[in-house]
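**Q** turn this into a model:
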Amino acid sequence: MIPFNAPYITGNEIKFIEDAINSGKLSGDGYFTKKCQSYFESNFGFKKTFLTSSCTDALEMSAMLLNANPMDEIILPSYTYVTSALAFLRQGLKIIFSDSLDDNPNIDPKKIEPLITEKTKAILVVHYAGVACDMEKIMTIAQKHNLIVIEDCAQAISSYYGEKPLGTFGQLSCFSFHETKNIISGEGGLLAVNDQKLISRAEKIWEKGTNRSQFLKGIINKYEWVDIGSSFLPSELTAAFLWAQLQSLHQIQEKRLENWNYY
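**A** Got it, this is the predicted structure:
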């Protein structure tokens, strides 16, 4: 049997995990977490990134950042994985499903605008299987109606719409490093924040609803609970594994393409 997916191992994962263990810093937001986040910011142009334990966590953070009122609405494709909807349902949003295009599972931009109401808060697009949605049309609709755009890039690391990386169009974007993806850490994810106004609150949500990041920057002399949030940070062991993968991102993508062309 040909397996659905065979995780690609670069050979450096154990070395970097050993480095993390020897550093004595095993909880999140350490050396390897910062290396991974910096990689995405410098290579793809995201304003601020937050490594998470899963793409679901990144979607959960996005839902919290919407600061929605009960029964505010979010439009998303009817063809996607369950967590694309669940993360927002948990925050009290009403899910409005939109149809896909005729020739692929991505959301059909022409079907979005008729679904927009005075309660619509955001549009979630899913770049299914790494195939880009029509971001030019979608962003035009969102700007016309003053809506937030969230990109579910779970399968779209290093994918582009024209010359621009996916994940850089919306105010928020979410990536997955689940073992079934091209770049992996076993489980893992990333939230990219492209709206400067959302970064400070994202830091608090990421750190269990505290202002710990301000404390670490020396802005305040102690930190406390100030907002909703959760323990979204992965351990340094997960980040170390991911860092090994990111070092070989281009080789992994080329190997995937070679396999695809072979089939």
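**Q** where does the stretch 151-263 of the chain dip in pLDDT?
**A** Along the stretch 151-263 of the chain, no part satisfies pLDDT under 70.
**Q** can you map out the strands along it?
**A** 160-161, 164-165, 172-176, 189-193 (DSSP state E, counting those that start in this stretch).
**Q** out of the ones you listed, which is closest to Asn69?
**A** Checking the strands of the stretch 151-263 of the chain against Asn69 by C-beta to C-beta gives strand 172-176 as the closest, at 18.2 Å. Where you see a C-beta, it was placed from the backbone N, CA and C, and this is true even at glycine.
**Q** how about the CA coordinates for the closest one, as PDB?
**A** C-alpha atoms of strand 172-176 as PDB (Å, rounded to 0.1, in the frame of the first residue of the first chain):
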ATOM      1  CA  LEU A 172      -4.600  37.200  10.200                       C
ATOM      2  CA  SER A 173      -3.400  33.900   8.800                       C
ATOM      3  CA  CYS A 174      -3.000  30.400  10.200                       C
ATOM      4  CA  PHE A 175      -0.500  27.600   9.300                       C
ATOM      5  CA  SER A 176      -0.200  24.000  10.200                       C
END
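**Q** so which bits of stretch 142-159 are buried?
**A** Neighbour counts using 16 or more other C-beta atoms under 10 Å place 142, 147-159 of stretch 142-159 among the buried residues.
**Q** my bad, stretch 131-140
**A** By 16+ other C-beta under 10 Å, the buried positions in stretch 131-140 come out as Val131, Ala132, Cys133, Asp134, Met135, Ile138, Met139.
**Q** just the closest of these to Leu86, please.
**A** Proximity of the buried residues of stretch 131-140 to Leu86 (C-beta to C-beta) peaks at Cys133, which lies at 20.3 Å.
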